[in-house]
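Colleague: what follows is a protein structure lacking sequence information:
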């Protein structure tokens, strides 16, 4: 079973969305939640520290307990964020919001090698339902996806399976330089630049060049055939004016 490894990725300056297994045992003492065994947190440290060393912006997704699809302070990941901050170099940021413009802005504002832990993804019923809309919202928190949560890999949830569809890896590392140089040449020219295809769209977005192209199409083969002058059956079937 050959899969891309975290070591295969170009991560410097990019937001790496990492699904971790922080579902750790806890107990309540003097009104506070205390982690009684942090093995699962420590098992994720090699991946987190590897990404930090490479200059990635590390955004962590995790579940905790069974809050039944709604916010419940009993199952908040804030104590985990506090514990994580004690065992890796600070700061460790925590977002009480799981999805939405505010947390997206926080993820983008992370410095290189920064860490952000997102609140419990199971505060949304859409997580366990693997809802596409929720997976897409999670995907907006990162540029690359890494699954480091083997303990949750048997679950087809939005943060383990769904999100991966929306953060495909638009580029083989050995060829990234060539693709980037070509994209930069297009931007520097006076020509009308049309980018077509999901992988190319992902690539120019990752390079920060998408806004400098004349037009971006998500259709790869369809775009090429349209430019060739071929009839597109799906368009031809539509009613003429």
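Modeller: Arrived safely, thanks for sending. These figures come from a predicted structure and were not determined experimentally.
Colleague: pull up the pairing partners for the host helix or strand of residue 34, direction included.
Modeller: Following DSSP states H and E, one finds residue 34 within strand 32-35. Sheet pairing of strand 32-35 (DSSP bridges) gives strand 26-29 (antiparallel).
Colleague: could you check the partner strand and say which residues are buried?
Modeller: Within strand 26-29, the residues that count as buried by 16 or more other C-beta atoms under 10 Å are residue 26. Any C-beta I mention is one placed from the backbone N, CA and C, and that applies to glycine too.
Colleague: quick one: residues in contact with that strand.
Modeller: 33, 34, 35, 36, 79 (C-beta atoms under 8 Å, 6 or more residues apart in numbering).
Colleague: got a quick ChimeraX command for the buried subset of those residues?
Modeller: The buried residues among the contacts of strand 26-29 can be selected in ChimeraX (16+ other C-beta under 10 Å) with this line:
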select :33,35,79
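Colleague: dump the contacts of strand 26-29 into JSON lines; add pLDDT as well.
Modeller: Formatted as JSON lines, the contacts of strand 26-29 follow (pLDDT from 0 to 100):
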{"residue": "33", "pLDDT": "84"}
{"residue": "34", "pLDDT": "86"}
{"residue": "35", "pLDDT": "90"}
{"residue": "36", "pLDDT": "92"}
{"residue": "79", "pLDDT": "94"}
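Colleague: now the contacts of strand 26-29 in CSV, with distance to residue 124?
Modeller: Below are these laid out as CSV (distance: C-beta to C-beta, whole Å):
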residue, distance to residue 124
33, 21
34, 26
35, 23
36, 27
79, 20
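Colleague: between the contacts of strand 26-29, which is closest to residue 13?
Modeller: Using C-beta to C-beta, residue 79 is the member of the contacts of strand 26-29 that sits closest to residue 13, with 30.4 Å.
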